[in-house]
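Enquirer: Build me a model from this:
(2 chains)
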2 protein chains.
Amino acid sequence: MKAGEYDMKKYRVGLIRVLTTDDTQLMQMHGALIEQYFPMLQVESRCIPDQPEGIHDDQTMALGAPKVVAMAKEMWQEGFDAIIVSCAGDPGVAQARQAVPIPVIGAGESTAALCMFYGSHPAVLGITEDVPAGYQQVFGDHIVDNARGKGVESVLDLMTPQGYSATVEQAQRQKQLGADVIALSCTGMSSIQIAPALERETGLPVLDPVMCEGLMTLFELIRKDARTQ
Amino acid sequence: MKAGEYDMKKYRVGLIRVLTTDDTQLMQMHGALIEQYFPMLQVESRCIPDQPEGIHDDQTMALGAPKVVAMAKEMWQEGFDAIIVSCAGDPGVAQARQAVPIPVIGAGESTAALCMFYGSHPAVLGITEDVPAGYQQVFGDHIVDNARGKGVESVLDLMTPQGYSATVEQAQRQKQLGADVIALSCTGMSSIQIAPALERETGLPVLDPVMCEGLMTLFELIRKDARTQ
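Expert: Below is the predicted model of the structure:
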């Protein structure tokens, strides 16, 4: 065993799911992935109440965002070091950031920013008709394309062989359109680990929102440490 | 001790310094910072030969870039998992990426991309007159300002009280010009840990190139693992 591993700093991160579910494994999946990628992050996941269909349009966004802010406040009061809002729509992220003095990180803004490392012609691939705000803000009019697989309107659709093939087809079409990086725009696509498969299919970098939110959380925590040391 | 710490994956990273020096502590400083921030990265630093003034203009860039590529090839052949080119000018990074099948990460491209998480009006603060290519490519005409402290032309100048104050003044001026994030454009500024001090002085996020290159290296390694598993 190497020196330094005993005292590896652990950060306590609260992860907010915007889908109400009793399925513990489903609820904890994003947190488990983040702990696997970044062993210094110890993640506790919770879901907002009374939103069994998650956040997928303006109405569910308006309903969900204040719940995210309230939960971020609770988690801050309980002593968490940072808050992840594990949804590519970044619901309540800007407001939560005003409400608590710890880092608040959204999946969408993280994924979009990290795309800029790879190219200047990003495409957005998800399950919604609209481009989420965080992607629009970073990409502006450089967006090559926004798409979802034909017939894919939910994460459940993605998990069928048809939905999966339809998503691969869209990724290949985006490459033909000149995309040099693909930003996935739904954290449900992280649950099924489709990013590495799409990378193998297209040869393009395809960014996974849960990996991106974890990376930016680690960055924020290390930056905060450096600032307060 | 918590489960999982025994078997934390360690990645072996080669870090290329573009300044020739016999001062071991100076040569290893960026690597030591990265190991401190990211304990899963084990960094070995080497400097390119016969370039005691580093890379700071077109001529030294033309001279240094092929040396970076040659050293990246050597390190790949020796079994390193990734290569960091620890210079904000990203010398030889694009060419090295063509030459070796492992991730190659430059400080400049990393810092510029990560800025996009924080704002859309970035300023560049360094020790050179020109904006390094990686920053120009990501920021385009969104750059609010490019500056160096008055009288600051080398890292040595930064280390004097006058150089330090002059740099703080420029950061404050950049904030007044409307910058919402400051990208440091010299890894020598990481050696003296000026980013956290500038954050405290200005209240703006100020990104440290060595921290950024470390973060993007970790990202590339985790992405590669996900793709090949």
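Enquirer: where in chain A is pLDDT low?
Expert: Along chain A, segments meeting pLDDT under 70 span A:1-7.
Enquirer: do stretch A:8-21 and chain B meet?
Expert: Yes. When contact is scored as Cβ under 8 Å from any Cβ of the partner chain, part of stretch A:8-21 falls within range of chain B: A:8, A:10. Glycine gets a C-beta too; all of them are placed from N, C-alpha and C.
Enquirer: residues of that stretch that come out buried?
Expert: Along stretch A:8-21, these residues count as buried under the neighbour rule (16 or more other Cβ atoms under 10 Å in any protein chain shown): A:11, A:13-20.
Enquirer: which one among those gets closest to B:Val104?
Expert: Top of the list for closeness to B:Val104, among the buried residues of stretch A:8-21 and by Cβ to Cβ, is A:Tyr11 at 28.7 Å.
Enquirer: gap between the residue nearest the centre of chain A and B:Ser120?
Expert: For chain A, the residue nearest the mean C-alpha position is A:Ala107 (2.9 Å; Cα atoms, centre = their mean). From A:Ala107 across to B:Ser120, the span is 19 Å (Cβ to Cβ, to the nearest Å).
Enquirer: I'd guessed A:Met29 sits against A:Ile192; true?
Expert: No. Judged on Cβ atoms under 8 Å, A:Met29 makes no contact with A:Ile192 at a distance of 9.7 Å.
Enquirer: between the two, which one's more packed in?
Expert: Neighbour totals were compared for A:Met29 and A:Ile192, and A:Met29 leads with 20 against 15 (other Cβ atoms under 10 Å in any protein chain shown).
Enquirer: how about the residue nearest to A:Gly134 when sequence neighbours are not counted, secondary structure?
Expert: The shortest distance from A:Gly134 to any non-neighbouring residue, by Cβ to Cβ, 6 or more residues apart in numbering or on different chains, is to A:Gly108 (3.3 Å). Using DSSP: H, G, I helix; E, B strand; the rest coil as the criterion, the local structure at A:Gly108 reads helix.
Enquirer: who's in contact with A:Gly108?
Expert: With contacts defined as Cβ atoms under 8 Å, 6 or more residues apart in numbering or on different chains, the neighbours of A:Gly108 are A:87-90, A:132-135, A:185, A:209.
Enquirer: Throw the residues you listed into JSON lines and include neighbour count, distance to A:Glu78 and secondary structure, thanks.
Expert: Shown next, in JSON lines, are the contacts of A:Gly108 (neighbours: other Cβ atoms under 10 Å in any protein chain shown; distance: Cβ to Cβ, whole Å; DSSP: H, G, I helix; E, B strand; the rest coil):
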{"residue": "A:Cys87", "neighbour count": "30", "distance to A:Glu78": "21", "secondary structure": "coil"}
{"residue": "A:Ala88", "neighbour count": "35", "distance to A:Glu78": "26", "secondary structure": "coil"}
{"residue": "A:Gly89", "neighbour count": "29", "distance to A:Glu78": "25", "secondary structure": "coil"}
{"residue": "A:Asp90", "neighbour count": "28", "distance to A:Glu78": "22", "secondary structure": "coil"}
{"residue": "A:Pro132", "neighbour count": "27", "distance to A:Glu78": "28", "secondary structure": "coil"}
{"residue": "A:Ala133", "neighbour count": "19", "distance to A:Glu78": "28", "secondary structure": "helix"}
{"residue": "A:Gly134", "neighbour count": "24", "distance to A:Glu78": "26", "secondary structure": "helix"}
{"residue": "A:Tyr135", "neighbour count": "26", "distance to A:Glu78": "31", "secondary structure": "helix"}
{"residue": "A:Ser185", "neighbour count": "28", "distance to A:Glu78": "30", "secondary structure": "coil"}
{"residue": "A:Pro209", "neighbour count": "29", "distance to A:Glu78": "25", "secondary structure": "helix"}
